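Engineer: Provide a 3D model corresponding to the input given below.
(chains A and B)
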Amino acid sequence: MKISPFWIITVLILIGGYLFAEWAENQFLFFAGYVVLQSLIMAVAWNILGGFTGYVNFGSAGFFAVGAYTAIALHQFLEAPLIVLIIIAGVVCGLIGLGTGYLTLRLRGVYFAIATLAMAIVFESLITNWEYVGGSTGAYVITPTEVAFFDSYIEMLFVLMLFLALVSVAVSRYLSISRIGQGLAAIRDDETAAECMGVPTLRLKLISTTVMGAMMGVCGAPFPFFVTYINPLSAFDLLIAVNSIAMPMIGGTAVWFGPVIGALLLGTIQQIITVTVSSELNILIVGVVLVLFVALAPRGIVGLVQDVMKKRRGK
Amino acid sequence: MTGRVLEVTDLTKRFGGFVALDTVNLHVNENERFGLIGPNGSGKTTMINCVSGALFNNEGTVVFEGEDITRMPAFKRAQLGIARSFQIPKPFKSMSVLENLRVPLEYAAWGRTGHRHIDEQAMEILELIGFADRAHDNSAGLTQVDMRKLELARALAAKPKLLVSDEAMAGLSSAEVDEILDILFKLNERGVAVIMIEHIMRAVMRFCERIVVLDAGKKIAEGLPDEIVRNPDVERAYLGE
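Structural biologist: Numbering: from 1, shown residues only, chains lettered A, B, ... in the order given. Next comes the predicted model:
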């Protein structure tokens, strides 16, 4: 059987990540890496619905926070291990995603985007008023000081996040290059025509929203263990929502590796600026870069590269 | 036995209080070239929306190849073998011409034809309608007549038994109309029944074996093309008293 280079690279990155965690001394690298990988998963997840399917939405932070708070609630209630929390958070957010999918029956374009934003706000008010998970004062999580196979908890979280990111990219790549991807692209271009060409539009949209939701939930679940203190304000952070839209837009929304490029680039720049200049400048940078790309290169970095290659071939 | 590919019985469609189609009966035979004409607003497009599944009728039944499809969603009808082209072309703009054809080949025709050689099948269709040289062009940059051709090519890629061509020739020049007609004839030779909705009477007269005329949501005439042009009711519907 032929193994595609994609899988070889994926496994190599994972092994490389683990070895890096074993050898690297500077703990900051893990914190920074975790944040970049977190936004990478969010970007990939957003792009499945926003990029492939063409349903732009502002609800990312909502899914992320619900994932985080599902983990908190279960942690309080069951003391379940992290991996169980991640799976359950994925299921819960997947179901919310499925519900969002039914919204697409009646809402399109701007209306859908605003509905998802409203949904995130509804979740925020619910959680702010739910005392069990800390309400507006927030909740603390005490993480164990020792973990098997790793030198510290943050190293474990970093490798875990790397694994989740690779899985997300693999899922997104599968959706994009398979028959499903062709159907999603048809929906994005013209839903009526797609339906008349035999594409089961509702079913594909439900797959798209469910996978998107589950991925964001999975991404949110380890967050409380990463920051050890979480409140609704930090979980529903505007920057999370903005990043998950900006990164695919900057990388290129039409292909699976677009959001990966966007997230690695923008995420790394953000981390560097946070350290060297100030963390407040982050949002400004994201905003300016996003505006520039939307105005000058709407197909993102991938689109720019494709245009350049086309011109070269033409000559 | 040459049976009926489509049978519409007592079909009524209302939009609020407005009756767009009022107990209309019609049928299309296998491999027939069928014309559906009528003045603007007579309900032609509503009729084909009910046939293709874009709209659901309020009363009456739609039967395709002996199967009642009245409540069936559009994508399933496409999978059974009903294809349509749109009055205003709706290409998948981010895709090339060839990729546009992949969509119906991978969905509408998927269960009925081989899963292999999708690209070869698509090229075959493009060659049939003389469009192969445009295969890798971006579909958003096509001219009007080429977009109409793409509409038909894409409908053909769905491997239909019934094709509904909704004003595929509106706004085209006389030579272009002939090009489109040739494509429709070729399709028909391959065993596809065609419902032609058209205002260009020259094309309708040349193409259709049987015609049904709608006016204000009612069927006012049915017959051979020659009979239809001599029918006083049809003349009244188009020209007034």
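Engineer: and A:Leu238, how many neighbours?
Structural biologist: Counted with other Cβ atoms under 10 Å in any protein chain shown, residues neighbouring A:Leu238 total 11. All C-beta atoms are positioned from the backbone trio N, CA, C, and that covers glycine.
Engineer: so who does B:Phe64 touch?
Structural biologist: B:Val5, B:Leu6, B:Glu7, B:Arg77, B:Leu80, B:Gly81, B:Ile82, B:Leu162 (Cβ atoms under 8 Å, 6 or more residues apart in numbering or on different chains).
Engineer: now the residues you listed as CSV including distance to A:Trp256?
Structural biologist: Below are the contacts of B:Phe64 laid out as CSV (distance: Cβ to Cβ, whole Å):
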residue, distance to A:Trp256
B:Val5, 41
B:Leu6, 41
B:Glu7, 46
B:Arg77, 32
B:Leu80, 33
B:Gly81, 33
B:Ile82, 33
B:Leu162, 37
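Engineer: Out of the residues you listed, grab the one that's most surrounded.
Structural biologist: Going by other Cβ under 10 Å, B:Ile82 tops those with 32 neighbours.
Engineer: so who does that residue touch?
Structural biologist: By Cβ under 8 Å, 6+ apart, the neighbours of B:Ile82 are B:Val51, B:Ser52, B:Gly53, B:Phe64, B:Pro160, B:Lys161, B:Leu162, B:Val164.
Engineer: Among those residues, which ones are in helices?
Structural biologist: Among the contacts of B:Ile82, the ones falling in helices (DSSP state H) are B:Val51, B:Ser52.
Engineer: Max pairwise distance over the contacts of B:Ile82: which two?
Structural biologist: B:Gly53 and B:Lys161 (15.0 Å; Cβ to Cβ).
Engineer: More neighbours: which of those two?
Structural biologist: B:Gly53 (22 against 19).
Engineer: quick one, phi psi at B:Asn40?
Structural biologist: B:Asn40 has phi and psi values of phi -60, psi 140 when expressed as degrees, to the nearest 10.
Engineer: For it, grab the count of nearby residues.
Structural biologist: 7.
Engineer: distance of it from B:Met169?
Structural biologist: 16 Å (Cβ to Cβ, to the nearest Å).
Engineer: Also B:Gly17?
Structural biologist: B:Gly17 is 34 Å from B:Met169, by Cβ to Cβ.
Engineer: out of the two, which sits in the busier spot?
Structural biologist: Between B:Gly17 and B:Met169, counting by other Cβ under 10 Å, B:Met169 is the more crowded of the two (24 against 5).
Engineer: My guess is the more buried one contacts B:Ile197. True?
Structural biologist: No: using Cβ atoms under 8 Å, B:Met169 is not in contact with B:Ile197; the gap is 10.1 Å.
Engineer: Pipe the contacts of B:Ile82 into CSV and attach distance to A:Ala89 and pLDDT per row.
Structural biologist: As requested, these are exported to CSV (distance: Cβ to Cβ, whole Å; pLDDT from 0 to 100):
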residue, distance to A:Ala89, pLDDT
B:Val51, 46, 90
B:Ser52, 42, 89
B:Gly53, 38, 87
B:Phe64, 46, 89
B:Pro160, 45, 87
B:Lys161, 48, 88
B:Leu162, 48, 90
B:Val164, 47, 90
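Engineer: biggest helix in the chain, by residue count?
Structural biologist: Looking at chain A here, since you left the chain open. helix A:153-177.
Engineer: ah, I was thinking of chain B
Structural biologist: Per DSSP H, chain B has its longest helix at helix B:174-189.
Engineer: Could you find the closest non-adjacent residue to the residue in the stretch 101-250 of chain A positioned nearest to chain B?
Structural biologist: Nearest to chain B in the stretch 101-250 of chain A, going by Cβ to the nearest Cβ, is A:Gly198, at a distance of 2.8 Å. Once flanking residues are discounted, A:Gly198 sits nearest to B:Ala108: 2.8 Å by Cβ to Cβ, 6 or more residues apart in numbering or on different chains.
Engineer: how about low-confidence regions in the stretch 201-315 of chain A?
Structural biologist: A:314-315 (pLDDT under 70).
Engineer: what are the ranges of the strands in it?
Structural biologist: A:229-230 (DSSP state E, counting those that start in this stretch).
Engineer: Around chain B, pick out the residues from it.
Structural biologist: A:Thr201, A:Ala254 (Cβ under 8 Å from any Cβ of the partner chain).
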